[in-house]
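> what follows is a predicted structure for the sequence shown.
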Amino acid sequence: MKIPVANPDIGKEEEEYVLNAVRSGWISSQGPYVKEFEKSFANFIGVKHAIAVSNGTVALHLALLALGVTHISEVIVPDLTFASPANMVLLTGAKPIFVDVNRDYWCLDPVKVKEAITDKTKVIIAVHLYGHPADMDQIIEAANENGLLVIEDAAEAHGAEYKNTRVGSMGDIGVFSFFGNKIITTGEGGMVVTNDDELADKIRLMRDHGMRPRYWHVTIGFNYRMTNIQAAIGLAQLSKIKKLIAIKNKIAKIYSDILKDVPGIELHPNMPWASPSYWLYSILVDKKEFGLSRDELITELKKKGIDTRRFFYPLHLMPVFKPYVNKISDYPISTYLSEHGINLPSGPRISEEEVITVAETIKKLHKENIR
Ligand SMILES: Cc1ncc(COP(=O)(O)O)c(C=O)c1O
C-alpha cells in the first residue's frame, strides 16, 4: 500500500527514552517512566488518577470490576464499536445489552439507552467512536436518574472534547488504548482514568495481582501492568499529543473541504457541542448518488494503492454476541452505518498531498461511475 490507513509517528524522542529505559535495566513495570506517564496523562485529560495498563481491553475489564459488575448485572454497550467492551462485559459474567447509536454522530443514542435500562442495569459504556464524543450530558443524566455508573471508552478519541471537557474525564471511569494505530501509542498499552480515590486504589490493586502487601492477596488480581519501555514511548508520544491531534484535525479539514459537495458522500460528523480528535476520518457512501457502493469504493481505492477500512460490524449480528440480543430489528442505525461507512487514511505521517490525492481520487471515482 502506498497510503496506509494509519502509521505511528515514532521519532528521536521515543528512541532516546526507550534507550534510557533499556540502559537503566528497568524494563518491566517498575521504573520511573510508568509513574511519569501516568502523572502526565492524568494532567492532560484533567483527572486525578491515571493507571497505566497493558492494553485498552484490560483497561475495560478493570473498570467493570472496579464498578462492581458481576454475573447478575446488565451493561449497556453501543451496537457499533470495536468488540472489546462487549467481550469484557462477558468476561465479568454480566450480560451486554446492545443499544443502537445516534444517526447524527454515530455514538450511543441516549434515548434508546433510557429504553434499555432495567432493574439489573449497572453500567453504561459510552464509546467515543472514531474520535467523535458521545453526548455525555445525556448519558450521565440517564445514569443518574437510574442510579447507574458510566464508563467512557475513549480508546479512539484521545484529547477529543465534549463541551470543552476532555473525554474520559466525565464518567466514573475513562479508558484509553495505545495500540499502534491510536492517536498516541505505546505499541500495546492502555490507561484507566478516574477522579475517585477509592476506584483508583481498587484498579491499581487488581492490576498488580491483587496483592497488598507483596505476596498477600486480598482480592482476585491480574498482571495487567504496562512496562517501563512502553511508558517511555508513551511519555515521548504524550509530549507531542497536541501536535498529533492538530494533524488529525488538519487531515479532517482537507477531506471535508474536498468531499463536502460530492453527491452520495456524507462527512464525518462534528456536532456543535463536540471538538472531535479525528482518529480515523470517516465517510458514509450511498451508491445511488455516488455511483459505487462502499465495498466497491474500497476495492477501487485499493487498486490505486490507497488503504481504507470498512466500519465495524454491528455487534448484534455476530455469532458470539447473538445469544444476548433480544430483537434484531432494534438496530437500524448501526446496521446502516456499518454497511456504508469507510475509514480513510488518517495517520500522523500522511502528507497533505497524499490526503488531497485520496480525496480527489474519491471525487474522480464518483464522476467516472455515476450515470
Ligand atoms: C472502542 C475501543 N475500545 C477498546 C479497544 C481495545 O483496545 P486494545 O486494542 O488496546 O486492547 C479498542 C481498540 O483498539 C477500541 O477501538
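Yes, it's here.
> what kind of secondary structure is residue 213 in?
Of the three states, residue 213 takes coil under DSSP: H, G, I helix; E, B strand; the rest coil.
> where does this protein have low pLDDT?
Scanning the chain for pLDDT under 70 picks out the ranges 327-329.
> which residues of it fall in helices?
12-24, 32-45, 56-66, 84-91, 110-116, 136-145, 197-207, 228-238, 241-259, 287-290, 294-303, 332-340, 352-369 (DSSP state H).
> any residues touching the last one, and which ones?
Under the criterion CB atoms under 8 Å, 6 or more residues apart in numbering, residues 3, 250-251, 254-255, 258-259, 262-265, 283, 290-292, 297, 300-301, 304, 306, 344-345 lie in contact with helix 352-369. (Each C-beta comes from the backbone N, C-alpha and C, glycine too.)
> one more time with 6 Å, if that's ok
With contacts defined as CB atoms under 6 Å, 6 or more residues apart in numbering, helix 352-369 is touched by 3, 251, 254-255, 258-259, 262, 290-292, 300, 304, 306, 344-345.
> in the residues you listed, find the pair that's most separated.
Spanning the widest gap among the contacts of helix 352-369 are 251 and 291, at 24.5 Å by CB to CB.
> those two: which is more packed in?
Looking at residue 251 and residue 291 with other CB atoms under 10 Å, you find the greater number of neighbours at residue 251, namely 24 against 19.
> what residues are up against the more buried one?
Counting by CB under 6 Å, 6+ apart, residue 251 makes contact with 281, 346, 355.
> touching, residue 343 and residue 281? I think so.
No - if you go by CB atoms under 6 Å, residue 343 and residue 281 don't touch, sitting 7.3 Å apart.
> domain ranges for the protein, per the record?
Per automatic domain parsing, the structural domains of the chain span 12-100+107-238, 241-308+344-369.
> thinking again about what came up before, the more surrounded of residue 343 and residue 281?
Neighbours were counted for residue 343 and for residue 281 using other CB under 10 Å; residue 281 has more, 27 against 20.
> make sure that one is actually in contact with residue 250.
No - applying CB under 6 Å, one finds residue 281 not in contact with residue 250, separated by 10.4 Å.
> for the stretch 101-250 of the chain, what lies in contact range of the ligand?
Applying the criterion CB under 6 Å from any ligand atom, the portion of the stretch 101-250 of the chain that neighbours the ligand consists of 127, 153, 155, 156, 177, 179, 190.
> a markdown table please, covering the helices of the chain and showing distance to residue 171.
As requested, those are exported to a markdown table (distance: least, CB to CB, whole Å):
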| stretch | distance to residue 171 |
| --- | --- |
| helix 12-24 | 30 |
| helix 32-45 | 12 |
| helix 56-66 | 9 |
| helix 84-91 | 13 |
| helix 110-116 | 13 |
| helix 136-145 | 7 |
| helix 197-207 | 11 |
| helix 228-238 | 21 |
| helix 241-259 | 21 |
| helix 287-290 | 37 |
| helix 294-303 | 32 |
| helix 332-340 | 21 |
| helix 352-369 | 33 |
